[in-house]
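In: Quick check, what structure comes out for this input:
(2 chains)
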Amino acid sequence: MINLISSQWQPLLLGLWNTILCSVIALIGSLIIGTFFALLEISQKRVIRVIGSVYVEVFRNIPLLVIAMGFFLIVPMYIAKINGFTAGTIGLTLYTSAFIAETVRAGINSVETGQLEGALANGMTYTQAMRYIILPQAFKVVIPPLGNQFINLVKNSSVLAFVAGFDLMYQGNLIANDTLQTMPTYFIVGVLYLIITLPLSYYMRHLEKKLA
Amino acid sequence: MQNFIDAYSWINIRFLLQGLWVTIEISVVSIIVSFILGTILGIIRYEKFKYFSAIVGFIIDIIRNLPLLLIIFFTYFGLPNIGIKPEIIPAAILAMSIFESAMVAEIVRSGINSIDYGQTEGALANGLTRWQALRIIVLPQALRNMMPALVSQFISLVKDTSLATIIVLPELMYHAQIIYGQNTNYIIPMFVALAVLYFIVCYSLSLLAKYLRRHLA
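Out: Numbering: from 1, shown residues only, chains lettered A, B, ... in the order given. Predicted structure coming up:
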């Protein structure tokens, strides 16, 4: 196993880097898109609410693999040439944004309605009330579930291996095929994933306990 | 448009439905196994046996924080390295069950934790043994609380079976790949079909989750 690490540390590190990069991009993207659709879902207009919930339900109930592969195969045929990393990251962003929308919506609902009424009574517009009063309070509530979503995101980024995204899983698979040392390679890949996810998951549990 | 009509010939649709059937079979078996195993593991973790619970808990945490894809690779490509050669379907079920059991164990543990400890104390004071208190008093209430989370977990299990295409498990995604592999014009129709079929299965499950949330909580 030490042999394997000393000879293959470069591709492994590249894979780790790509996994982290993809996860961070997808996290930022899905936070923005997710919050947007959460706001649509709680809108007062029925049509907008329906648009929001259709988006969320569609992306929540289709496997990430179908979304990522769809982007990888269909977008280059009609729209633009994109590589596997981009396609995978876009797919991951859209998929995760649906879950984040649900989380943020639950967070907004957990803020008392009196807060919104108070803000409106003080002369704020609906947008201002959301921006300065409701969302800051909602985000405090949703930080632990968002952290869990980020852990899921890192794990789900392994789907990039299907679309040649050069992430950790893809590199690990290449090495396993090259060296035929499947067990040790997957062990190392697993440890590298755990380095990202395990501390985060313990920290989130700690945070949940503190907030509860 | 012609692509769609050609792609949805009866032969192709039947092939997709056969794949869907394998997806459902694998999901159901994995759900049953992971529900039983996960409940046992969750109870072990909750009960705080000396050392044993801590070790089980740590293993659960490790499995929960690994990508399912890695576990699938591990069971199908990794195990032959140490002399165990599972067939495709057992390997897929094994991987799904390992991963989902760990997820379910965590849900069960937090479900049991959500029940007031006074319930256990009351049961013990009434002469029930610790095991009886757990089985008769605490678990049924906990099960009611964790039902929505369990159903969401099983929805993601159904979606995650698509990952097993990588070990050529003949499920829905793999069958679609075979069809559009023969004719690239079929790529879009096949992905539409995939999206619709998965959506139907998962959305009906999530309606069930919503129903349970409303009527049990």
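In: Which residues of chain A lie near chain B?
Out: Counting by Cβ under 8 Å from any Cβ of the partner chain, chain A comes close to chain B at A:57-58, A:60-66, A:69-70, A:73-74, A:77, A:151, A:154-159, A:161-162, A:169, A:172-173, A:176, A:181-183, A:186, A:189-190, A:193-194, A:197-198, A:201-202. Using the backbone N, CA and C atoms, a C-beta is placed for each residue, glycine as well.
In: can you list the weak-confidence ranges in the chain?
Out: Since no chain was named, I'll use chain A. Counting by pLDDT under 70, chain A has low-confidence residues at A:212.
In: That was the other one, I meant chain B.
Out: B:217.
In: following the top helix by length along it, which helix or strand shows up next?
Out: Under DSSP state H, the helix in chain B containing the largest number of residues is helix B:10-47. Once the chain leaves helix B:10-47, the next helix or strand it forms, by DSSP states H and E, is helix B:52-64.
In: mind checking how far the most centrally placed residue in chain B is from chain A?
Out: Residue closest to the mean C-alpha point of chain B, counted by Cα atoms, centre = their mean, is residue B:157 at 3.4 Å. For residue B:157, the distance to chain A equals 11 Å [Cβ to the nearest Cβ, to the nearest Å].
In: Only the buried residues of the strand or helix carrying that residue, if you could.
Out: Applying DSSP H and E as the criterion places residue B:157 in helix B:139-160. By neighbour count on 16 or more other Cβ atoms under 10 Å in any protein chain shown, the buried set for helix B:139-160 is B:139, B:142, B:145-160.
In: my guess is residue B:68 meets residue B:160, correct?
Out: Yes: between residue B:68 and residue B:160 there is a contact under Cβ atoms under 8 Å: 5.4 Å.
In: Overlap of the contact sets of these two?
Out: Common neighbours of residue B:68 and residue B:160 (criterion: Cβ atoms under 8 Å, 6 or more residues apart in numbering or on different chains): B:96, B:99.
In: sorry, back to before: now, of the residues of chain A next to chain B, which are buried?
Out: By neighbour count, with 16+ other Cβ under 10 Å, those hold A:57, A:60-66, A:69-70, A:73, A:151, A:154-159, A:161-162, A:169, A:172-173, A:176, A:181-183, A:186, A:189-190, A:193, A:197-198, A:201 as buried.
In: Among those, which are located in helices?
Out: Counting by DSSP H, these place A:57, A:60, A:64-66, A:69-70, A:73, A:151, A:154-156, A:169, A:172-173, A:176, A:182-183, A:186, A:189-190, A:193, A:197-198, A:201 in helices.
In: Show me which residues of chain B are close to chain A?
Out: Counting by Cβ under 8 Å from any Cβ, chain B sits next to chain A at B:61-62, B:64-70, B:73-74, B:77-82, B:155, B:159-160, B:162-163, B:165-166, B:173, B:180, B:187-188, B:191, B:194-195, B:198-199, B:202-203, B:206.
In: From those residues, which land in strands?
Out: Among the residues of chain B next to chain A, no member falls in strands (DSSP state E).
In: wait, isn't residue A:29 in contact with residue A:93?
Out: Yes: at 4.0 Å, residue A:29 counts as touching residue A:93 under the criterion of Cβ under 8 Å.
In: More neighbours: the two, which one.
Out: Using other Cβ atoms under 10 Å in any protein chain shown as the criterion, residue A:29 and residue A:93 rank with residue A:93 on top: 23 against 18.
In: in stretch B:46-55, what counts as buried?
Out: Across stretch B:46-55, burial judged by 16+ other Cβ under 10 Å covers B:46, B:53.
In: next one: that stretch to chain centre, how far?
Out: Here stretch B:46-55 is found 25 Å from its chain centre; the criterion is Cα atoms, centre = their mean, to the nearest Å.
In: For residue A:131, which three-state class applies?
Out: helix (DSSP: H, G, I helix; E, B strand; the rest coil).
In: what's the neighbour count on it?
Out: By the criterion of other Cβ under 10 Å, residue A:131 has 13 neighbours.
In: rewinding a little: could I have the buried ones of the residues of chain B next to chain A as PyMOL selection syntax?
Out: Selection of buried members from the residues of chain B next to chain A for PyMOL, criterion 16+ other Cβ under 10 Å:
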select buried, chain B and resi 61+62+64+65+66+67+68+69+70+73+74+77+78+79+81+155+159+160+162+163+165+166+173+180+187+188+191+194+195+198+199+202+203+206
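In: just checking, which of the residues of chain B next to chain A belong to helices?
Out: Per DSSP H, the residues of chain B next to chain A map to helices at B:61-62, B:64, B:68-70, B:73, B:155, B:159-160, B:173, B:180, B:187-188, B:191, B:194-195, B:198-199, B:202-203, B:206.
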